[in-house]
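everything below, folded, please.
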Amino acid sequence: MIIEQLSVFLENKSGRLTEVLEALGREHIRITALTVADTTEFGILRLIVSDPEKAKNILKQQMFTVNITGVISVIVPDEAKSYAKVLKILSDIDISVEYTYAFTTGNKSVIILRCSNNEKAISALKDNEMDLLRANDLYKI
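Sure thing, here's the model as predicted:
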């Protein structure tokens, strides 16, 4: 249930995001989701891709600083109350969410979560009958 997410450190200057995407595109890497968190001087690009190890190697060859991080993915109806339900399950057992992002597909939202304890979070979400996605399912969206 743990999904491998790329985390790429980027200088906050014009063209850096384009360089990452062009490098991955040349090797036909599919991107399922991405988000950028930035400050004045740098950003962290987070990506869910079709082949995380290959993508990591491609980016390292291009001199990017890149890590693979474990995240969780939950699919819920595309309503705020569904997202809130996921977060409440976690907060009720004192699991903090380090970051989260989401995207919609049809009438569903796919939520990506990085938690303080991913394994405990997965167990709690399963116990509450939440629909967790496996990496292969997520990469196909």
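
show residues contacting stretch 9-16.
17, 20, 36, 38-45, 64-66 (CB atoms under 8 Å, 6 or more residues apart in numbering). C-betas here are computed from N, CA, C, even on glycine.

buried subset of these, written for PyMOL?
Command for PyMOL, covering only those of the contacts of stretch 9-16 found buried under the criterion 16 or more other CB atoms under 10 Å:
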select buried, resi 17+20+43+44+45+64+66
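
export the contacts of stretch 9-16 to CSV and tack on pLDDT?
Shown next, in CSV, are the contacts of stretch 9-16 (pLDDT from 0 to 100):
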residue, pLDDT
Leu17, 93
Val20, 97
Val36, 94
Asp38, 82
Thr39, 78
Thr40, 78
Glu41, 82
Phe42, 89
Gly43, 91
Ile44, 94
Leu45, 96
Phe64, 96
Thr65, 96
Val66, 98
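
break this protein into its domains for me.
6-67, 71-140 (automatic domain parsing).

residue contacts, Val86?
74, 76, 111, 113, 125, 130.

in helices, which of those residues appear?
In helices, defined here by DSSP state H, the members of the contacts of Val86 are Leu125.

include secondary structure and distance to Tyr101 when you put the contacts of stretch 9-16 into CSV, please.
Output for these, formatted as CSV (DSSP: H, G, I helix; E, B strand; the rest coil; distance: CB to CB, whole Å):
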residue, secondary structure, distance to Tyr101
Leu17, helix, 16
Val20, helix, 17
Val36, strand, 10
Asp38, strand, 14
Thr39, coil, 17
Thr40, coil, 21
Glu41, coil, 22
Phe42, strand, 18
Gly43, strand, 14
Ile44, strand, 12
Leu45, strand, 12
Phe64, coil, 20
Thr65, strand, 20
Val66, strand, 18
